[in-house]
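> sharing a sequence plus its predicted fold:
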Amino acid sequence: MIIKNNKELKQKEFKNEKELQNYFESNLDSILHYQFIETEFTVGNFRIDTLAFDPESKSFRIIEYKNVKNHSLVDQGYTYLKLLLERKADFVLKYNEKKNCNLKIRDINWSQSRIIFVSPTYTIHQLSAADFRDIPIDLIKVTKYTEDIIDIDFIAKTSNVSIQELKSGSSQRTVNKEIKVFTEEDHFYGISDEIRNLYEMLKMQILELGDIYIDIKQVYIAFKGRTNICDIIVYKSKLIVQLNVKKDILNDPNHIARDIASVGHLGNGDYQVEIKSEKDIDHIMPLIEQSFKINKK
């Protein structure tokens, strides 16, 4: 339910998939921070609704829109991802053509390729089929209201079951060999319980700030609102928290944040803080709150 000026807005339907697609493509940067590459991109016998590129992970995104109930999202998703891996040169060529650059196939992080489905509604079957913790398929629910209000909900995965544990077809086996979906467990392999507990305490306090979702990257764990709020990098003896705040904006009275604006680093933002004990969490949370206010949805 959406309330505006103490008035409940009524839900409206998108006229068709094309209206949904046009809205999403026009706002792709603000919604997902992806680069728009091509609409209705044809490769072989397939036509992709939207081709996009994620500069954060240096990987392609295939986006498909569904304004009607469809029971084959997983099959379609793996078919398109297999196409992407088999026809890498076509995708890189299209990127170079649109962006006037000269990327090579080796410049792309193919292991982080994803397909994203966007729809106003999903069936229980679709939600269940896409709910494996390591499936390279993401679902976004888009709800339209009166007064041109659009609500976007990133559907989080809740299952601890791995897609690798199931019997799969040839497309899935091909994709799963090359595409890797990282989980929190990947970041804590060989890490002490002490550091893991620090992370869990920090994670709980960050999520209590508001509407935040977790995006597990290859080298860090991102906490996102409209965009990254902070990124956490796990080390054996500490956590590094990257604050997505520009230089000279952060109010840091205790001087605990390191200015890394001119230093090469992982993650987003110009400040970094080390977490080695529980008391460090109390000191960093006011800084994370500042980033939350800047980057919240």
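Happy to help now that I have it.
> quick one: low-confidence ranges for the stretch 151-297 of the chain?
165-170 (pLDDT under 70).
> now do 80
For the stretch 151-297 of the chain, applying pLDDT under 80 flags the ranges 164-171, 264-267.
> tell me where it has helices.
170-178, 184-187, 193-207, 278-295 (DSSP state H, counting those that start in this stretch).
> swap in the stretch 1-150 of the chain?
Going by DSSP H, counting those that start in this stretch, the stretch 1-150 of the chain shows helices at 17-26, 28-32, 73-86, 88-99, 124-129.
> which among those helices is found nearest to residue 260?
Residue 260 lies closest, by CB to CB, to one member of these: helix 28-32, at 24.9 Å. All C-beta spots, glycine's among them, are computed from the backbone N, C-alpha and C.
> and that closest one, what does it pack against?
strand 35-43, strand 46-54 (3 or more CB pairs under 8 Å, 6 or more residues apart in numbering; DSSP states H and E).
> which of those sits most buried?
strand 46-54 (a mean of 20; mean count of other CB atoms under 10 Å).
> hmm, residue 211 is touching residue 226, no?
No: using CB atoms under 8 Å, residue 211 is not in contact with residue 226; the gap is 9.5 Å.
> so what sits against both of those two?
Common contacts of residue 211 and residue 226 (CB atoms under 8 Å, 6 or more residues apart in numbering): 296, 297.
> residue contacts, residue 223?
Going by CB under 8 Å, 6+ apart, residue 223 touches 203, 206, 207, 212, 213, 214, 215, 229, 230, 231, 232.
> let me fix that, I meant to ask about residue 43.
83, 87, 90, 91.
> which non-adjacent residue is nearest the third one?
In space, residue 90 comes closest to residue 43 once its chain neighbours are excluded; the distance is 5.1 Å by CB to CB, 6 or more residues apart in numbering.
> hang on, the earlier thing: okay if I get the helices of the stretch 151-297 of the chain as JSON lines plus distance to residue 247 and mean neighbour count?
Converted to JSON lines, those look like this (distance: least, CB to CB, whole Å; neighbours: other CB atoms under 10 Å):
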{"stretch": "helix 170-178", "distance to residue 247": "38", "mean neighbour count": "16"}
{"stretch": "helix 184-187", "distance to residue 247": "27", "mean neighbour count": "15"}
{"stretch": "helix 193-207", "distance to residue 247": "22", "mean neighbour count": "15"}
{"stretch": "helix 278-295", "distance to residue 247": "13", "mean neighbour count": "17"}
